[in-house]
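J.: please find the sequence and the predicted model below.
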Amino acid sequence: MKHEALLSCSGLQAGYGGSQVLFGLDFEIQPGEVIGLLGRNGMGKSTTIKSIVGLLAPSRGDIRFLGKPIGGQRPDAIARMGVAIVPEGRHCFPNLTVREHLVAFADNRNDLRDGWTLERIYALFPRLKERAENLGNQLSGGEQQMLAIGRALSTNPRLLILDEATEGLAPVIRDEIWRCLALLKEQGQTTLVVDKYVDRLVQLADRHLIVERGRIVWSGSSAELAADRSLWHRYMGV
């Protein structure tokens with residue numbers, strides 16, 4: 001029996017000024033799913049994310065979260081409903097300590113069972129506990145990325161969105177991030193992931209959406225994507 005989608009987009013169109021980027025996206029994310037959003041740069045992945053989190057108002061179409069329309073709502077209202085993003089570039093505050101980052105954003109407004117506490121985040125990322133009193137600008141790139149993920153989890157989101165979470169990281173740190181994402185999946189965290197490392201995504205995600213010039217040109221399971229390398233070359237240049 002199919003459950004109500006956590007997030008659904010129907011006929012989603014969006015752009016900037018007179019330039020249209022998205023041309024009618026239709027997709028759903030079910031509770032507990034991990035979805036990979038794939039495609040070359042400039043094909044509409046970031047515009048899709050911005051539309052979901054409220055940074056860009058759709059020009060047409062419908063976005064629903066928990067069955068409620070959220071298209072065009074303010075980012076803070078969407079965040080309060082349970083959507084959290086780990087943005088590309090991390091965006092840590094240079095004058096806040098690691099602990100202050102995690103405490104300042106902490107909230108379990110959705111009363112999720114087994115919510116994310118400070119100690120639970122430290123258990124996921126022991127390095128953050130070691131660096132608890134360090135300022136944001138005193139962290140390495142990998143530590144900042146761990147902090148960005150921990151900060152998002154501290155809001156206890158129903159949907160976690162990661163935009164290029166492993167970009168620019170050393171291989172050993174990338175492995176750590178993928179390990180943590182796998183743990184989150186085991187715990188039932190619904191996640192939308194944009195990442196260029198398709199070989200790692202097919203090990204993590206349940207399904208994938210490939211975006212080409214603002215349209216979804218393919219969708220399917222990880223097994224299907226892993227079996228058809230022509231898709232990697234045609235749409236992702238891998």
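T.: Yep, that arrived.
J.: residue 47 falls within a strand, correct?
T.: No: counting by DSSP: H, G, I helix; E, B strand; the rest coil, residue 47 falls outside a strand, being helix.
J.: now it: how far from residue 141?
T.: Applying CB to CB, to the nearest Å, the value for residue 47 to residue 141 is 25 Å. The way it works is simple: take the backbone N, C-alpha and C, and place the C-beta from them, glycine included.
J.: quick one, which of the two is more surrounded?
T.: Neighbour count, other CB atoms under 10 Å: between residue 47 and residue 141, residue 47 has more, with 23 against 13.
J.: how far away is the more buried one from residue 175?
T.: Taking CB to CB, one finds residue 47 at 30 Å from residue 175.
J.: where does the protein dip in pLDDT?
T.: 1-3, 110, 112, 238 (pLDDT under 70).
J.: element containing the residue nearest the centre of it?
T.: With distances taken as CA atoms, centre = their mean, the residue of the chain nearest its centroid is residue 161 (1.6 Å). Using DSSP states H and E, residue 161 sits within strand 159-163.
J.: can I get the helix or strand following that strand in CSV, CA atoms only?
T.: Remark: after strand 159-163, the chain's next helix or strand is helix 171-186, criterion DSSP H and E. What follows is helix 171-186, C-alpha atoms only, in CSV (Å, rounded to 0.1, in the frame of the first residue of the first chain):
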residue,chain,number,x,y,z
PRO,A,171,38.6,11.2,0.0
VAL,A,172,38.9,10.1,3.7
ILE,A,173,36.4,12.8,4.7
ARG,A,174,34.1,11.9,1.8
ASP,A,175,34.0,8.4,3.0
GLU,A,176,33.1,9.6,6.5
ILE,A,177,30.2,11.7,5.1
TRP,A,178,28.9,8.7,3.0
ARG,A,179,29.1,6.5,6.1
CYS,A,180,27.0,8.9,8.1
LEU,A,181,24.5,9.2,5.3
ALA,A,182,24.1,5.4,5.3
LEU,A,183,23.5,5.5,9.1
LEU,A,184,20.8,8.2,8.6
LYS,A,185,19.2,6.0,6.0
GLU,A,186,19.2,3.0,8.4
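J.: buried residues in helix 171-186?
T.: By neighbour count on 16 or more other CB atoms under 10 Å, the buried set for helix 171-186 is 173, 174, 176, 177, 178, 180, 181, 184, 185.
J.: name the nearest of those residues relative to residue 84.
T.: Using CB to CB, residue 184 comes nearest to residue 84 of the buried residues of helix 171-186, at 11.8 Å.
J.: looks like that closest one contacts residue 162 (just checking).
T.: No: when contacts are counted by CB atoms under 8 Å, residue 184 is not listed as touching residue 162 (9.8 Å).
J.: where along this structure do the helices fall?
T.: 45-53, 75-81, 98-104, 118-124, 126-130, 141-153, 171-186, 198-204, 222-227, 229-231 (DSSP state H).
J.: elements contacting the fifth one?
T.: In terms of contacts (3 or more CB pairs under 8 Å, 6 or more residues apart in numbering; DSSP states H and E), helix 126-130 is packed against helix 118-124, helix 141-153.
J.: out of the ones you listed, flag the one nearest residue 21.
T.: Smallest distance to residue 21 across the helices and strands packed on helix 126-130 (CB to CB): 24.7 Å, for helix 141-153.
J.: could you export that closest one as CSV, CA atoms only?
T.: Only the C-alpha atoms of helix 141-153 are listed here, as CSV (Å, rounded to 0.1, in the frame of the first residue of the first chain):
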residue,chain,number,x,y,z
GLY,A,141,36.5,22.0,5.2
GLY,A,142,35.5,18.5,6.2
GLU,A,143,34.7,19.6,9.8
GLN,A,144,32.6,22.4,8.4
GLN,A,145,30.7,20.0,6.3
MET,A,146,30.1,17.7,9.3
LEU,A,147,28.9,20.8,11.2
ALA,A,148,26.5,21.8,8.4
ILE,A,149,25.0,18.4,8.5
GLY,A,150,24.8,18.3,12.3
ARG,A,151,23.2,21.8,12.3
ALA,A,152,20.5,20.6,9.9
LEU,A,153,19.9,17.4,11.9
